[in-house]
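Student: this is a predicted model, with the sequence first.
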Amino acid sequence: MRRKLVAGNWKMNGSLAANTQLLTEIKSELGRAGASCDVAVCVPAPYLAQCQSLLFNTPVALGAQDVSTHEAGAYTGEVSTGMLSEFACRYVIVGHSERRAYFAESDELVAQKTARALIAGLTPIVCVGETLAQREAGQTDAVVGAQLNAVLSSIAASDLAKIVVAYEPVWAIGTGKTATPEMAQEVHAMLRKQLRAKNAVAAEEVRILYGGSMKPENAKELLAMSDIDGGLIGGAALKAVDFLAIIRAA
Ligand code: PEP
């Protein structure tokens, strides 16, 4: 049985004051009621130190939103896996569709970032997803399959259980449009099949999250599907009451 994971992706949002308020509310509720799933927040890099200290000794794990493929050196603006580890990051998102679209990240680069995260002992949350045009052209399986395939080609079969996959249809991110549970399940099942071809045993352990306008109103139905093992949450992760409701639904 896979333990569900609910991970917030704060994107380029937050401030010292807002982060304190948000995490204080989340911590106090989880301290009181506990959580029956794993919980993480992936925060902007400048807030890692603040969030590390706010989350110390709590059930909420810390994550980052991106990482360099390089270990160290003359790569202005980049953040290394070693730096993330120093701030007790457990997770790092790689290949978010916003990075693929706005920063031209290729499947190969995302694969390299995944491999680099694994070397450092971080858990990569590997994002895949199709655009609306690709879905309408019937290319969903081919696009998402190729994105995952690039990652699978760059990691050892013995490392498969160490990754998390997030299926995030691009047309559902930040738009209020959500894939129906059946639509999402169909893609998740396809991804699981692909994982099985790499390592049949480990594939059953890999958590495949759904992301794309998940909110309290639709979380329960989505999370009830057999291959949906949690959520990657954007907008709703910025409101404690919504994020907590999704955690409860999981
Ligand atoms: C995301 O950016 O990963 C995401 C799922 O965003 P939202 O929940 O706002 O659609």
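Tutor: Structure's in. What do you need?
Student: show me what contacts the residue of the chain found nearest the ligand?
Tutor: Nearest residue of the chain to the ligand: residue 234, at 2.1 Å (Cβ to the nearest ligand atom). From N, CA and C alone the C-beta is placed, and that goes for glycine too. Residues near residue 234 by Cβ atoms under 8 Å, 6 or more residues apart in numbering: 8-9, 11, 173-174, 211, 213.
Student: which strands and helices sit next to the strand or helix carrying residue 39?
Tutor: Using DSSP states H and E, residue 39 maps to strand 38-42. Using 3 or more Cβ pairs under 8 Å, 6 or more residues apart in numbering; DSSP states H and E, the elements in contact with strand 38-42 are strand 5-9, helix 16-33, strand 60-64, strand 89-94.
Student: in TSV: those, plus distance to the ligand and mean neighbour count.
Tutor: Shown next, in TSV, are the helices and strands packed on strand 38-42 (distance: least, Cβ to the nearest ligand atom, whole Å; neighbours: other Cβ atoms under 10 Å):
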stretch	distance to the ligand	mean neighbour count
strand 5-9	4	25
helix 16-33	15	15
strand 60-64	12	22
strand 89-94	8	24
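Student: and the ones you listed, which one's lowest on average pLDDT?
Tutor: Of all those, mean pLDDT reaches its minimum on helix 16-33 (a mean of 94).
Student: what angle separates that helix from strand 5-9?
Tutor: 170 degrees (axes from the mean of the first three to the mean of the last three Cα atoms, to 10 degrees).
Student: which parts of the chain are strands?
Tutor: Residue ranges of the strands in the chain, as given by DSSP state E, are 5-9, 38-42, 60-64, 89-94, 123-128, 164-167, 207-211, 230-233.
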